[in-house]
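# Structure for the following, please:
(one chain, ligands or ions: 1)
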Amino acid sequence: MTEWLGLLRHVTRLTVRADRRAATVLCALMIGQAGVIAAVGLSQRWLVDSSAAHQVAAVVGAVALGAAAYGISAGAGRVQSNLTIYLVGRVRMAFNGGIQQAVSSIPTITHVEYGPYINRWDRIFKNSQSISAMPWATLDAAAAVVSLAVTIGLLGWVSPALCLLALLAVPVFLASRHADRLLREARDASLEILRQEQRLHELCVEPEPAKEVMLAGSGATLSRRASELWDAAAARETGARLRAAAYSTGAWLLYAAGVAAALVVVADLIRSGRTTVGAAVMVVSLATQLQSQLRTVLTSLNNVAEAGQAVAHYSWLRRYAAEAARPGAPAPAALTRGITLHDVRFRYPTAERDVLHGVNLHLPAGSTIAVVGTNGAGKSTLIKLLTGVYEPTAGHITVDDEPLSGIARSRWQASLSGVFQDFARIRLLARETVGVGDVRHVRDRPTVEAAVGRAGATDVLAGLPQRLDTQLGAAFGGVEPSLGQWQRLALARSLMREVAGDRPPLCVVLDEPTAALDPLAEHDLFQHFVEQVRAATRQGAVTVLVSHRFTTVRMADLIVVLEDGRIAEFGSHAELMAAGRGYAELYRLQERAYR
Ligand SMILES: Nc1ncnc2c1ncn2[C@@H]1O[C@H](COP(=O)(O)OP(=O)(O)OP(=O)(O)O)[C@@H](O)[C@H]1O
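Here you go, the predicted model:
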């Protein structure tokens, strides 16, 4: 309940901020609902009774009251629904923006890699419409409850026995709640299936996977699997809908029987002269209204419940973001000793075995360290731990003898730069593709050009028709660079912070930054790149390079050979060659291959 109130407060604040005047008018219209309904019922009773008594003035009064109530109800209803659509739309944009920001500012990656985490924040986005409508659904439910009470009061005025009609609202309410729960559970259970379905669909239509799918001739199979998943989700939802409809129908039939009994009671009252025909007309009108009021209450409560379903996920996201942000000390201004891994073990959240097994490693300040090893040895995982997107499951990492866990994640990450194996192809203007490496300088052409130059990507830029202003990405009507060209642009992006003259990075991570380049280009580029980060190196920065190309690796000061999550060899190129073990063997093998 506290969490629900917290979310309601947040959304109400967003609503008032979106348009205070519109929100006030909408509030007034909703509160006025109860009065209008009572006025309609009363005007009908007054009209029938006064016309039976031939009281012309009273008839005119009743007609005026009824017409005014109907007019206000119809006009206000239209304004109310338009205002609700307008306000909910604006609040939804602001709310989604906030969630997007929360998700993307979390400095770890578990929440975007694993299904159970993705389901949670995905659920918030899916429910954002009902969350944004929360204040109105709550107010609507409250107003409908008040008008329900007014209606029941008027029925009791005719005969207390008629109040029993209200009791029949209980089975209707319970059946509706059960029906909603059935539907929600069916939708929740299909979330993962629908994500898989969407992914299969994307495999067939997105340019990168579509090529492979086409060559393999697997498009039809994938589409069929996607359809099967869709059918399974749809069948689950249809089943839930049918069961829900059965519950609702049963409850409404019971209610209809109650209304029939009420009419019998009123007929008996008229026969015995204990009430007027006008009262009977009012009862018929109120009994019909009661039904629509009940529906309104149920719909509003359902909307509130739907929003409430995301409350736990919303609170989780806030807690998770706060924990992941890990407040702490600032990163050191420069490194003097270096970065050390002490008996570091790591296991991915859903894995059954460790990926790193007790790694002890010292990366001296100002050095360049190459990490080599077979596929799956744990090289990229090591990089993820150094960048703080994951934490060791056991052991720890120190930065100049201070535990990395004591440094605020965002501050540590602000002092890193680098390129990852699965670098992003950011399909924006070329200037932005590179410039987002340091958003404060994204419009600063000389800085972007300097970063491009330092990454050896000047020729890539020269080949673009509008140079920095060229739109990248064929899907957006722009130029589609080759994989190697994308990679050079990613390298340029990683150099933005340094070129912009901000504090040089403490650690530069290059996880196979040049895998898409030919061996000679990689060799030249890496040499060039290491020279470019010299300023940082002089400040003690550690450069960690993952590569399978031994001609590049040999340029590093130190080389780590990882084997199945353990350090198999460690030393300079000369030392490892002299040792004559696996590294030396592989180096000679590659050397012969390129000769
Ligand atoms: N997100 C993840 N969740 C679970 N397991 C993972 C995840 N990422 C990697 N792994 C597993 O961890 C192991 C090490 O992966 P890692 O990416 O570190 O290897 P690598 O040495 O960089 O390999 P490569 O040379 O192929 O890039 C592999 O067995 C891989 O299956």
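# A helix includes Leu562, no?
No. Counting by DSSP: H, G, I helix; E, B strand; the rest coil, Leu562 falls outside a helix, being strand.
# Any idea what it is bridged to?
Gly373, Ile567 (DSSP bridges).
# how near is it to Gly373?
According to Cβ to Cβ, to the nearest Å, Leu562 and Gly373 sit 4 Å apart. (C-beta placed from N, C-alpha, C; glycine too.)
# shared neighbours of those two, anything?
Among the neighbours of Leu562, those also in contact with Gly373 (Cβ atoms under 8 Å, 6 or more residues apart in numbering) are 379, 568.
# Which parts of the stretch 201-350 of the chain are strands?
Secondary structure of the stretch 201-350 of the chain (DSSP state E, counting those that start in this stretch): strands located at 338-346.
# got the residues of it near the ligand?
Tyr348 (Cβ under 6 Å from any ligand atom).
# interface residues of this structure facing the ligand?
Counting by Cβ under 6 Å from any ligand atom, the residues of the chain near the ligand are 113, 348, 351, 355, 373, 375-381, 421.
# OK, contacts around the closest residue to Ser572 other than its chain neighbours?
Counting by Cβ to Cβ, 6 or more residues apart in numbering, Ser572 lies nearest to Leu558, which is 6.1 Å off, once chain neighbours are set aside. Residues in contact with Leu558 (Cβ under 8 Å, 6+ apart) are 363-364, 367-370, 570-572.
# can you tell me which residues contact Cys163?
152, 155-156.
# Hmm, I typed the wrong one, I wanted Tyr587.
Residues counted as contacts of Tyr587 (Cβ under 8 Å, 6+ apart) are 550, 554, 573, 576-577.
# which helices and strands sit right next to the longest helix belonging to the chain?
Ranked by residue count, the top helix of the chain under DSSP state H comes out as helix 219-271. Applying 3 or more Cβ pairs under 8 Å, 6 or more residues apart in numbering; DSSP states H and E, we find helix 219-271 packed against helix 134-158, helix 164-167, helix 169-205, helix 277-309.
# Same list, the ones you listed, but as CSV with mean neighbour count and mean pLDDT please.
Shown next, in CSV, are the helices and strands packed on helix 219-271 (neighbours: other Cβ atoms under 10 Å; pLDDT from 0 to 100):
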stretch, mean neighbour count, mean pLDDT
helix 134-158, 20, 83
helix 164-167, 16, 78
helix 169-205, 17, 84
helix 277-309, 20, 76
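# Need those in JSON lines (columns: distance to Leu26).
Output for the helices and strands packed on helix 219-271, formatted as JSON lines (distance: least, Cβ to Cβ, whole Å):
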{"stretch": "helix 134-158", "distance to Leu26": "7"}
{"stretch": "helix 164-167", "distance to Leu26": "28"}
{"stretch": "helix 169-205", "distance to Leu26": "25"}
{"stretch": "helix 277-309", "distance to Leu26": "14"}
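# just checking, next helix/strand downstream of the worst-scoring helix or strand of the chain on mean pLDDT?
Taking mean pLDDT, DSSP states H and E as the measure, the chain has helix 534-538 as its least confident helix or strand, at a mean of 66. On the C-terminal side of helix 534-538, the closest following helix or strand by DSSP states H and E is strand 542-546.
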